[in-house]
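**Student:** no sequence on this one, just coordinates:
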C-alpha cells in the first residue's frame, strides 16, 4: 500500500461479538487486546481486565497510548480511517449488528451449529466421522493429525494472546472440523489444568472478537510433560462465558465438560 494512501481499518465495536462498552488496547506491534475497561498502570505494568473478567498484565511500554486513547475517546462504532498524520477519521459506514458473546451464550442453542458436523464441507481435510473416537464417542484429540494452523494471522494472535496470560507451553493446529482450532497445552498440576482451560476460554472470546467468522470453537487437549492425558475439551461461547463467571468454579466446568 502506498505510504500516502489512507489505511482502512474496519472496527465493528457494536458487532462482531464485541460488546458496546469494550475498550480496545492498541499495542506498538500492531496487535490489539479487547478489555472491559481502560487498563491501569502500576510499577510499569498495565493491568488489564479481559471481557470475561480475567485479569492479566503486560509491560506498559508495549501500549500505543496515543492511538489507544484516541480511538476509545472517539467511541468509534463503525469503520474509520487513519491518515498519514495519525489522525482518526470516521467513515460513513453502518455495520451490521451482530450478537455479543453474552447474547450468544444466553441462547438456548448456544454452541450448537446449524449443520451436521459429520457432513460439513471440510475444505479438503478429513471428515469428522473419519477421526478415531474415545470410549465415550468423542473425537480423540491425542491421535488426530497435527496439521499447523493454516491462517498465520490467527496462529500468531493465539500465541501472542496466550503468552500475555502467562501460558507458554502450547501448540496450535487445525481443528477436526471447519470453524475449529485445536490447542494442545501442557498442564502438570491441578492448578495449571484449571488455569489452562480458563486461558483457552479467554482465547476463544478474543478470537471471536478478532476473527468472528473464522473461529467458532476450540478443541483443547491437556497433557503432562510426560505426554499423559490430563483432559480434553470442546470449548464454545457458552462454556467460555461460564468460565468467566465468578460464581461458577472452574472445577465444576471441568467435571461437566471434560471428554472421556
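**Tutor:** Structure received. All figures in this text were calculated on a predicted structure; none of them were measured in a lab.

**Student:** in space, what's closest to residue 167 - neighbours in sequence excluded?
**Tutor:** residue 199 (4.9 Å; CB to CB, 6 or more residues apart in numbering). Bear in mind the C-beta positions are built from the backbone N, C-alpha and C, glycine included.

**Student:** what about residue 153, which SS state?
**Tutor:** Of the three states, residue 153 takes helix under DSSP: H, G, I helix; E, B strand; the rest coil.

**Student:** report the contact partners of it.
**Tutor:** residue 211 (CB atoms under 8 Å, 6 or more residues apart in numbering).

**Student:** could you check the pLDDT of it?
**Tutor:** pLDDT for residue 153: 92.

**Student:** and for residue 73?
**Tutor:** If you check residue 73, the pLDDT there is 77.

**Student:** name the helices or strands packed onto whichever helix or strand it is part of?
**Tutor:** Under the criterion of DSSP states H and E, residue 73 resides in helix 65-74. Applying 3 or more CB pairs under 8 Å, 6 or more residues apart in numbering; DSSP states H and E, one finds that helix 65-74 contacts strand 23-26, strand 88-90.

**Student:** what's the least confident stretch among those?
**Tutor:** When those are compared on mean pLDDT, strand 88-90 scores lowest, with a mean of 46.

**Student:** part of a helix, is the residue nearest to residue 167?
**Tutor:** Yes: remark: residue 199 belongs to a helix, assigned using three-state DSSP.

**Student:** hang on, isn't it packed against residue 165?
**Tutor:** Yes: with contact defined as CB atoms under 8 Å, residue 199 counts as touching residue 165 (4.6 Å).

**Student:** neighbour-wise, which of the two wins?
**Tutor:** Between residue 199 and residue 165, counted using other CB atoms under 10 Å, the more crowded position is residue 199 (24 against 20).

**Student:** dump the residue contacts of the nearest residue to residue 68 once chain neighbours are set aside.
**Tutor:** Nearest non-adjacent residue to residue 68, counting by CB to CB, 6+ apart: residue 26, 4.7 Å away. Residue 26 sits next to 32, 63, 64, 67, 68, 71 when contact means CB under 8 Å, 6+ apart.

**Student:** need the pLDDT of the fourth one.
**Tutor:** With respect to pLDDT, residue 67 has a value of 90.

**Student:** ditto for the third one
**Tutor:** Confidence per residue is given as pLDDT, and for residue 64 that number is 93.

**Student:** please report how far the closest residue to it other than its chain neighbours lies from residue 151.
**Tutor:** Excluding its sequence neighbours, the residue lying closest to residue 64 (CB to CB, 6+ apart) is residue 26, at 4.5 Å. According to CB to CB, to the nearest Å, residue 26 and residue 151 sit 21 Å apart.

**Student:** ok, now residue 36?
**Tutor:** Taken as CB to CB, the span from residue 36 to residue 151 is 27 Å.

**Student:** low-confidence stretches in this structure?
**Tutor:** 1-21, 52, 74-129 (pLDDT under 70).

**Student:** how's it carved up into domains?
**Tutor:** Residue ranges for the domains of the chain, per automatic domain parsing: 7-90, 101-257.

**Student:** the stretch 101-250 of the chain: strands as residue ranges?
**Tutor:** Taking DSSP state E, counting those that start in this stretch, the strands of the stretch 101-250 of the chain run over residues 170-174, 180-186, 217-223, 229-235.
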